[in-house]
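Novice: How does the following fold in three dimensions:
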Amino acid sequence: MARVLLIDDDTVLLKLYSTRLTADHHQVAVAANGEEGLRQVAQFKPDIIILDLLMPKINGFAFLETLKRHTLYSQIKVLVFSSVANQEQINRLNSLGVKTFLNKIDTSPTQLVRIIQNELNLITPANLPQPPA
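Specialist: Prediction:
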């Protein structure tokens, strides 16, 4: 399906979401901070990045700024997945090319998988929910 890079300093969350994405046949790489994330982008070459904002070493904003400077990586879709963001930060994310902001508290692993599939146009009639009989 897709190559998904999860970047978050919450190891429990990384395990939970990587397990769910792997169960849905995605290839998953993880990074505990933006610095590791930049290395993983070069090595793993993801189709999509799920990015937290508040992390040690390099935060989500600095990660995005660095990513956007590299022409090879600037077109990778990035979903910001964080529990903190105000309107000013969301505006800044939009200026960095982020179109989707997900609140960690409100997004289940199943919802995240569906959003990734939608973002990458991987939803087909075979994996759409079936209407009740």
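Novice: contacts, neighbours, all on C-alpha from now
Specialist: OK.
Novice: Could you list the low-confidence segments of the chain?
Specialist: The model of the chain has pLDDT under 70 over residues 122-133.
Novice: And the longest helix anywhere in it, what does it pack against?
Specialist: Taking DSSP state H as the criterion, the chain has its longest helix at helix 11-23. With contacts taken as 3 or more C-alpha pairs under 8 Å, 6 or more residues apart in numbering; DSSP states H and E, helix 11-23 sits against strand 3-7, strand 27-31, helix 109-119.
Novice: Residue 54: which of these is closest?
Specialist: Within the helices and strands packed on helix 11-23, the stretch nearest residue 54 is strand 3-7; the backing value is 10.3 Å (C-alpha to C-alpha).
Novice: center of the chain, which residue is that?
Specialist: Residue closest to the mean C-alpha point of the chain, counted by C-alpha atoms, centre = their mean, is residue 50 at 1.1 Å.
Novice: Other residues contacting the strand or helix carrying that one?
Specialist: Taking DSSP states H and E as the definition, one finds residue 50 inside strand 48-51. Contact with strand 48-51 is made by 2-8, 60, 76-82, 116, 120, as judged by C-alpha atoms under 8 Å, 6 or more residues apart in numbering.
Novice: cutoff 6 Å now
Specialist: 4-7, 76-81 (C-alpha atoms under 6 Å, 6 or more residues apart in numbering).
Novice: swap in stretch 16-36?
Specialist: Taking C-alpha under 6 Å, 6+ apart as the rule, stretch 16-36 contacts 1-9, 37, 55-56, 58-59, 63, 109.
Novice: Could you give me the buried positions within stretch 10-19?
Specialist: Across stretch 10-19, burial judged by 16 or more other C-alpha atoms under 10 Å covers 14, 17-18.
Novice: Could you do stretch 49-69 as well?
Specialist: Neighbour count says stretch 49-69 has 49-55, 58-61, 63-64, 67-68 buried, by 16+ other C-alpha under 10 Å.
Novice: and if you look at stretch 81-90?
Specialist: 81-82, 85, 90.
Novice: Figure out how far that stretch is from the centre of its chain.
Specialist: 14 Å (C-alpha atoms, centre = their mean, to the nearest Å).
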